[in-house]
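Trainee: Predicted coordinates and the sequence they were generated for:
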Amino acid sequence: SFCWPSGAVLSGEENISSPVLREVKFHSVDYRNILHWKTQSHPDGNQKYFVQYKIYGEKHWTTARHCQGITQLYCDLSQQTSDPWERYYARVQAEVSGHQSSWVLSPRFNPHWETSVSPPTMRLNVTERAIVVRLKPPKSPYRRRRGSWISMKKLQKDSELAEQAECQVMYSQENKTSVRGSGPSLTNVPVDEESCCSSTPGDQIN
């Protein structure tokens, strides 16, 4: 017979320590929702991990088929948790030498509120008369049925994240500076120099 007293499995004269899982939680950047966990190393060195997930309120767990019997301490659940407004749980079970640990549950996870958005990429184009700054947010990991990427702007509905913003600084002969902004979130919106970018004709651009 087998029992699990204080994290150990006893089988006859053999004493096999069961793997201890801890800190099971999601880390999310740009809606790439990765489940991470930690464990104590086992002398056997042959731990395997099994992951399941479910939406908050559901009774039954769904097996993450790509994270069954894995050896790494993480599982990418981005596609399984693709609704940014839903709330999810995940759980992990460890196995070593044929013996399984108890399931360890993650905290409840909501992608929209808990993901971190990485900084936008910036491209600077300098000419004799203008400086054009283009800002573009990172891509999400999700695609539409036809294959095109779903934008971060689409996922971040309530944020001020723009699909692409463009700022152009024009210098007149009188050394006066004017700023023009364009982009999906800037259409017909006046843009001042301070909110878009700041520069003067005397500044050196490298």
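Mentor: The structure has been received and is ready for your questions.

Trainee: right, and the helix or strand after the helix or strand where Val92 lies?
Mentor: In the assignment (DSSP states H and E), Val92 maps to strand 88-96. Going down the chain from strand 88-96, the next helix or strand is strand 99-100, by DSSP H and E.

Trainee: residue boundaries of the strands in the chain?
Mentor: 8-11, 14-17, 21-29, 32-39, 48-55, 62-70, 74-76, 88-96, 99-100, 104-105, 121-126, 130-136, 165-171, 177-182 (DSSP state E).

Trainee: before we move on, the earlier item: got the angle for the strand holding Val92 vs strand 32-39?
Mentor: Between the axes of strand 88-96 and strand 32-39, defined by axes from the mean of the first three to the mean of the last three Cα atoms, to 10 degrees, the angle is 40 degrees.

Trainee: Strand 88-96 - contacts with which helices or strands?
Mentor: strand 21-29, strand 32-39, strand 48-55, strand 104-105 (3 or more Cβ pairs under 8 Å, 6 or more residues apart in numbering; DSSP states H and E). All C-beta spots, glycine's among them, are computed from the backbone N, C-alpha and C.

Trainee: Given the second one, what are its sheet partners and their directions?
Mentor: Right, the one you point to is strand 32-39. strand 21-29 (antiparallel), strand 74-76 (antiparallel) (DSSP bridges).

Trainee: So for that strand, mean pLDDT?
Mentor: Model confidence over strand 32-39 averages 95 on the pLDDT scale.

Trainee: quick one on the thing from earlier: for Gly98, find the nearest of the helices and strands packed on strand 88-96.
Mentor: Closest approach to Gly98 among the helices and strands packed on strand 88-96 (Cβ to Cβ): strand 48-55, 10.1 Å.

Trainee: That closest one: which residues count as buried?
Mentor: Within strand 48-55, the residues that qualify as buried are Tyr49, Phe50, Val51, Gln52, Tyr53, counting by 16 or more other Cβ atoms under 10 Å.

Trainee: circling back: tell me which of the strands paired with strand 32-39 is the most buried.
Mentor: Highest mean neighbour count of the strands paired with strand 32-39: strand 74-76, a mean of 18 (counted as mean count of other Cβ atoms under 10 Å).

Trainee: sorry, back to before: tabulate the strands paired with strand 32-39 (TSV), appending mean pLDDT and distance to His66.
Mentor: Listed next are the strands paired with strand 32-39 as TSV, based on pLDDT from 0 to 100; distance: least, Cβ to Cβ, whole Å:
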stretch	mean pLDDT	distance to His66
strand 21-29	95	16
strand 74-76	97	8
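
Trainee: I'd like to know which of those lies nearest to Thr115.
Mentor: strand 21-29 (4.0 Å).

Trainee: Switch the buried residues of strand 48-55 over to a markdown table; also include distance to His36 and pLDDT.
Mentor: Converted to a markdown table, the buried residues of strand 48-55 look like this (distance: Cβ to Cβ, whole Å; pLDDT from 0 to 100):
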| residue | distance to His36 | pLDDT |
| --- | --- | --- |
| Tyr49 | 11 | 96 |
| Phe50 | 15 | 98 |
| Val51 | 11 | 98 |
| Gln52 | 15 | 98 |
| Tyr53 | 14 | 98 |
